[in-house]
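> Please find the sequence and the predicted model below.
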Amino acid sequence: MMHTLLTPPLRILALVLACNATCTSAMADTDPDTAILNETAQVAGKHLRLNGAGISFHLFFKVYAMGLYLLDHRSTVEDVLASNGPRRLFIALLRDVSGGDFEERVLRSISGEGNTTPAEIAARMLQLAKTISAQPQGLRKGDTLTLDWVPGTGTVIELNRRRLTDPVPDIAFYNALLNIWLGDKPTDPALKAKLLGGPVPMRTVMN
């Protein structure tokens, strides 16, 4: 059943796409690949600032750069999820990911121990995962994904500035997306720390 998924299907996106600092600038990251992220973003007519940024790895390979944009700096997951106004997660691909590879990893993520993701939200995330995996060219180096929360509209997801799906109005859906990277079991603890501007734990390489 859908509520028995080990992780929300979209969490696999972080696997295949898979500092002691409190500043809000991408330049604070020592990896030059984060320099491709803008310091600010405009979402729903609001001026957002970069809360934190980092690189996600799969094994030893860089897969994507990510930035979290908020109205004001938040250093804990609870504060991020409780923040008012628009938000943005921005992902810039640093290597190619085929649609077939993405779909295979999504299917493998379906089995395992249960979690508390509501079935309706899990179903929406599964559909979004399939939409992304169905891109004819897969996900290519240089592609960008934006995951926006727009008050009054919902979750808006775009690939290379092209909307992929209709907006999802439930804030719980957007918070479930954020928890892929910011939850209790994030895909990359080091990236989570950088998005929150906190100390970075030692990286553990996982298959």
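Noted; the coordinates are in hand.
> So residue 153 sits against residue 169, correct?
Yes: using Cβ atoms under 8 Å, residue 153 is in contact with residue 169, at 7.3 Å. Backbone N, C-alpha and C define where each C-beta goes, glycine included.
> so after the longest helix anywhere in the chain, what's the next helix or strand?
Among all segments of the chain classified by DSSP state H, the helix with the greatest residue count is helix 119-133. Scanning forward in sequence from helix 119-133, with DSSP states H and E defining helices and strands, the next element found is strand 144-150.
> which is the next helix or strand following that next one?
Sequence-wise, the next helix or strand beyond strand 144-150 is strand 154-159, with elements assigned using DSSP H and E.
> Check whether residue 63 sits in a helix, strand or coil.
strand (DSSP: H, G, I helix; E, B strand; the rest coil).
> wouldn't it be in contact with residue 91 here?
No: contact status for residue 63 versus residue 91: not in contact, 9.4 Å apart, counting by Cβ under 8 Å.
> Identify the residue nearest residue 57 in space, chain neighbours excluded?
Counting by Cβ to Cβ, 6 or more residues apart in numbering, residue 63 is the residue found nearest to residue 57 once chain neighbours are left out, at 6.4 Å.
> what number of residues lie near the one you found?
Residues within reach of residue 63, counting by other Cβ atoms under 10 Å, total 25.
> per-residue confidence at it?
According to the prediction, residue 63 has pLDDT 84.
> repeat for residue 154
We note a pLDDT of 97 for residue 154 in this prediction.
> tell me, how many neighbours does it end up with?
With neighbours defined by other Cβ under 10 Å, the count for residue 154 comes to 16.
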